[in-house]
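**Student:** Can you look at this prediction? I've put the sequence above it.
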Amino acid sequence: MLIRPDEIQKVANMFFNAVHEDEIELINQLYDALKANDIEKADKLMDELLVDVEDHFSTEEAMMKEADFFGYPMHKADHDKMRKEIKEVYNRWKENKDPKRVIDFLENKLVPWLKLHVAQWDSITAMHIGD
């Protein structure tokens, strides 16, 4: 396990919180598979992570547009930056299946980013959108 659900701030929107919990579970499954050097399972979970993150971000972005959220451009830019990083890690994974590179990304990029993003952007966005 890389991250406990209580390490991610709860926000004022139940949907956001549920999505974050699901994503934490997926990140932990991927991390555990990588640590166990279970390449086949990790490969499937990498595919799932790519789809999950895109669904997560695009759904939030649609909700922000619908609610006319003032911070949409900045929030989306933060999503876009992480989309790009995840895609790069995913592509490298597909080329060489190196668990260490993905573990490093999860530990040092994705999880710290997720904690900060939720505390900064999702908390403000959730207050604007409401429950």
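**Tutor:** Done, it's in.

**Student:** Now do the SS call for residue 69.
**Tutor:** coil (DSSP: H, G, I helix; E, B strand; the rest coil).

**Student:** Need phi/psi at it.
**Tutor:** Main-chain torsions, residue 69, degrees, to the nearest 10: phi -70, psi 120.

**Student:** what residues are up against it?
**Tutor:** Residue 69 sits next to 75, 125, 128-129 when contact means Cβ atoms under 8 Å, 6 or more residues apart in numbering. For glycine as for every other residue, the C-beta is placed from the backbone atoms N, C-alpha and C.

**Student:** what about 7 Å?
**Tutor:** Neighbour list for residue 69: 125, 128-129 [criterion: Cβ atoms under 7 Å, 6 or more residues apart in numbering].

**Student:** What about those residues, which one has the most neighbours?
**Tutor:** residue 125 (24 neighbours; other Cβ atoms under 10 Å).

**Student:** host element of that one?
**Tutor:** helix 123-129 (DSSP states H and E).

**Student:** which other residues reach that helix?
**Tutor:** The contact list for helix 123-129 (Cβ under 7 Å, 6+ apart) reads 9, 11-13, 16, 63-64, 67, 69, 71, 75.

**Student:** circling back to that earlier point, as TSV, the contacts of residue 69 with pLDDT and distance to residue 87 would be great.
**Tutor:** Shown next, in TSV, are these (pLDDT from 0 to 100; distance: Cβ to Cβ, whole Å):
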residue	pLDDT	distance to residue 87
125	97	23
128	95	28
129	94	27
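
**Student:** so can I have TSV of those residues showing distance to residue 86?
**Tutor:** What follows is these, written out as TSV (distance: Cβ to Cβ, whole Å):
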residue	distance to residue 86
125	20
128	26
129	24
